[in-house]
Structure formats: structure tokens, C-alpha cells
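Chemist: Fold the following, please.
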Amino acid sequence: MAWTDPKTMAHEPALYSDWNTYIRDNTNYLKAIAVQVGTINLTNKSGGSVAAGDVVILDGGNDQAFTTTTRESDLRIVGVATEAIAVDASGRIARYGVIAVVNVTGAIARGEWLVTSTTVKLAKSSLSYSKPTDGGLGIALTATAGPGVGTVYALMLVDTKVGFEAGSLYAVGGYDTAAIADCDQYTPDTWTSKTDMLAPARYSLAAGVIGSNLYAVGGYSTANLTDCDQYTPDTWTSKTDMPAPARSNLAAGVISSSLYAVGGEGTANLTDCDQYTPDTWTSKTDMPAPARSNLAAGVIGSSLYAVGGEGTANLTDCDQYTPDTWTSKTDMPVPARRLLAAGVIGSSLYAVGGYDTAAIADCDQYTPDTWTSKTDMLAPARRLLAAGVIGSSLYAVGGYSTAAIADCDQYTPDTWTSKTDMLAPARYNLAAGIIGSSLYVVGGYSTVNLTDCDQYTPDTWTSKTDMPAPARRLLAAGAI
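Modeler: Purely as a prediction, here's the structure:
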């Protein structure tokens, strides 16, 4: 019987109502591609041992290496270990055209595509017979009933050739509706430790970016602070202090070439609004009552919006500041909240997380002058987090749930995606700002006050020069 290209079949499962028949009809094809170089030799940099069948991904920090993931449908998928591999040892990883044992979680049906799961080293069903858009591992050839941990045999179809160079993955060739010659570079998201902030260590500060400089203002050390420190990657410089009173739990936003520090807590909650145009501070018109702390702010166009916070109780207030005038706008949706974060995507502000009578996962969109509830943040609910916007995505980082967390979650309206966790220590009451295409998180509290400054650069795909003719598919995999 003539074989049918399983790439085509994966997109047209209706042509086969019985996947056992599909597999039988393609036996000769499967055997033919199994003799290709379907495994690669990589070094285990996961921090622990892996067993045969464990799912692994590209390690962006080391050449020719793998690590593990707890991200569902992880694009960095490399394959499964074919043998036990100790930490820092090398071993074979099954990638393409071979049948391998795969360790899984949950129920798996024959013919379903497998993807990475939120359980480390385990795959799960994509719940589809069609090839996933993101992170496809291969097709299950056997089934398991679940709901716990099990194993299946799978035809490995991680169908790109992978090279490891300076933390990047290169995907070349393949098949769409015809063979293609594309060459695309994938650089995973990364956290990098940078030069620590100047003393004192602090939390409950605010930050804003003017040009290519981040300014960290106020905060709390052993008392409230007036400090204003400039970070120009990778150098910190002390600048002119804020006007009195010293304050913490404030918010900040940048309009044109000026940073505006609003609200906060001195010996009591504040209505202060102070303008910083490097290197001069100027007191501006106070915020409307009530005085407040633990608020968030974002800038849309030439206006700053101060949202939420705490007066004598949690607040739903939304106030617009267009230098030098304050205007009350439509209140946020309930619940009233404090200890939230905010970021602006396009012409909309997104208020995320916070605290009502407990930590919340709310995500609310404000497009002047309308509020709309959006998809909640990923668990856990959190407060005392920070946020920043790169391109069309908001990144919510750190915070406190039942303990300090290191979570980094991406929100691209209206979808949340878990990204690589922050560097240790997990922290809350931190601040964040965007310089170029990177997010910088500064200060905060873990078990002690922090001076940490860490850079986050999101994962990116970049189109490179096409392969030489002819276009091709079913390439073998190999490490460079």
C-alpha cells in the first residue's frame, strides 16, 4: 500500500477514522525515516538527573545542552531522553523519525499529539489529532488511561533541525503546503543579573524610564526614603533626592521627558505629585482626595492615570493627570484593591493583581473612559507585584501569594502565558521599568531588603537568510 505523508495526515485526521489503520498504512514510511539521524547528543544542564522518557528543552544558557520545563506547549522542545542522564553528563535525545518511550501525565489517546506539560519532565496530550501550533513533540502510538503518571510509545516528530549557538535555536526547512527553505532563529527568554542598586537596600519603591535611563525613587529601608538613583545599563548613579516628605508605597509614570511621582506613604498617606526632569524636582498640583498609598499608575498619551490604592480603605479611584490638572474618571470595577500593578498596551491601561480581603488575580482594561474585565492572571493570585510592557505584551513579575514568588507571566490581550521565572530570590514589593526591549526589576523584599537589579529579555523569533535551493522537508536533526 502506498504511504501517505503523516505531516499532511496530522492536519487532516478526518481522512482516517481509525488511527491504528493510519499507523499500519504508514509502517514502511515510519521504518524508512527511523533510520535517519533521529537523535542528538546533548549535555544535561537541568540541575538534576533525567530518566529515559523524560521530556527536555533547549538550554539557552549553554551550548549543546538541555534543561527541563514546567511550561505547557514549550516552543523550546528538543525531545525525550533515550537513557538515564546524570547532571552535567551527556546522553542521547530522541527528536525525529524514531519511536521512543515518553513519560506522560494524564490520559493519552492513540494518535493524539503530545506537548510539554506543567509537570517537570512529563508530556501531556494536546487533546488534538492535529499538529499543535506551538511545541509539538510527536504522536502517541499507544494509550494510557491516566489520570496520573504513565508512559506511552510515540513517534517523535519534533520536525526542525536544531543548532545550538550562543543560546539560540535555528529552525530550518520543513513542510507547510509544500517544502520550504526558511531559516528562523529562536532566542529563548532570559533573565540576567546586573549591577546591584546603590545602598540602601529597599522595597516599596517606584520606577520610571526616561530615554535609556531608569530612575528608582523613594521606598523603604529602615525608614522611608527620598533617594533617586539613575540606572544606565550597567551603571548606577545617585541623583538629586525627591522633595520631602520621604515616602514609600508610591507610584510613578513618565510623560515626555519627566517622571511624575504620585501618592505614597510618609507619616500618613499622601496626595503629593512631584515632577522630576533630570536632575530637578518640582512640586506639582496635589492629587484629588483621598490621600492614598499602594496605588498603581500608567501613562496613556500625555496623561498619567492613578488607579486603586489604599486610603482609609481599599479604593476603586481612577484619576487622570494631564500636567498640571487632575480629573476624576470612571472608577475601576470591584473589588476595590491595593498593592496592584499596571501597564499600558497601546491606548489601554491594564490593572493586574492586588489585594482586596485576599490576593486577587483580576485583570481589568481601562480605555479612557471605560473599564472592561479581562481574563484573570495565571495562578497564584498575587499582590505586591510589578509590571512592564514590551511591544504589545505586559509582563507581570514577582509578588506575594502565600509566600514570595518568582513568577513571570506574559499578557498579550487576552491571553496569559507563563514565562521563565525570575532569578532567585523570589521577591515582592519590587519596581520595574523598560529600557529598549528589556524589562529591569529593581529592589524589593525577600527575607531581607534587596538591592538586586535583574534584566529580562523576552523570547524572540528572527527570520534569517533562506537555505540554498532546493526547498526541503524531513531533515535530520543534529547538534552544531
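Chemist: going forward, measure contacts between C-alpha atoms and count neighbours the same way
Modeler: Fine.
Chemist: what about Ser125, distance to Ser238?
Modeler: Distance from Ser125 to Ser238, counting by C-alpha to C-alpha, to the nearest Å: 53 Å.
Chemist: My error: substitute Asp74 in the last question.
Modeler: Counting by C-alpha to C-alpha - Asp74 and Ser238 are separated by 41 Å.
Chemist: The two: which has the busier surroundings?
Modeler: Asp74 (22 against 15; other C-alpha atoms under 10 Å).
Chemist: residues in contact with the nearest residue to the more buried one once chain neighbours are set aside?
Modeler: Nearest residue to Asp74, sequence neighbours excluded (C-alpha to C-alpha, 6 or more residues apart in numbering): Gly135, at 5.1 Å. Applying C-alpha atoms under 8 Å, 6 or more residues apart in numbering, we find Gly135 in contact with Ser73, Asp74, Leu75, Arg76, Ile77, Val115, Thr116.
Chemist: count of residues packed around the fifth one?
Modeler: Close neighbours of Ile77, defined as other C-alpha under 10 Å, add up to 24.
Chemist: for it, what are its contacts?
Modeler: Going by C-alpha under 8 Å, 6+ apart, Ile77 touches Val55, Val56, Ile57, Leu58, Thr116, Gly135, Gly136, Leu137, Val158.
Chemist: Quick check: beta-bridge partners of it?
Modeler: Ile57 (DSSP bridges).
Chemist: Do you know the pLDDT at it?
Modeler: Predicted confidence (pLDDT) for Ile77: 80.
Chemist: how about the strands of the stretch 1-150 of the chain, start to end?
Modeler: Remark: strands assigned in the stretch 1-150 of the chain by DSSP state E, counting those that start in this stretch are 39-44, 55-58, 65-67, 77-81, 90-94, 96-105, 113-116, 123-125, 138-140, 149-157.
Chemist: Listing partners with orientation, what would you give for the third one?
Modeler: Here the strand partners of strand 65-67, with direction, are listed using DSSP bridges: strand 39-44 (parallel), strand 55-58 (antiparallel).
Chemist: winner for burial among the ones you listed?
Modeler: Stretch with highest mean neighbour count among those: strand 55-58 (a mean of 26; mean count of other C-alpha atoms under 10 Å).
Chemist: starting at the chain centroid, how far to that strand?
Modeler: Distance, stretch centre to chain centre, for strand 55-58: 18 Å (C-alpha atoms, centre = their mean, to the nearest Å).
Chemist: Ok, stretch 246-260 next?
Modeler: Using C-alpha atoms, centre = their mean, the offset of stretch 246-260 from its chain centre is 25 Å.
Chemist: Take the strands paired with strand 65-67 and write them to TSV, including mean pLDDT and distance to Ala154.
Modeler: Formatted as TSV, those follow (pLDDT from 0 to 100; distance: least, C-alpha to C-alpha, whole Å):
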stretch	mean pLDDT	distance to Ala154
strand 39-44	88	14
strand 55-58	90	12
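Chemist: I'd like those written out as JSON lines, with distance to Ala313 added.
Modeler: Shown next, in JSON lines, are the strands paired with strand 65-67 (distance: least, C-alpha to C-alpha, whole Å):
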{"stretch": "strand 39-44", "distance to Ala313": "52"}
{"stretch": "strand 55-58", "distance to Ala313": "47"}
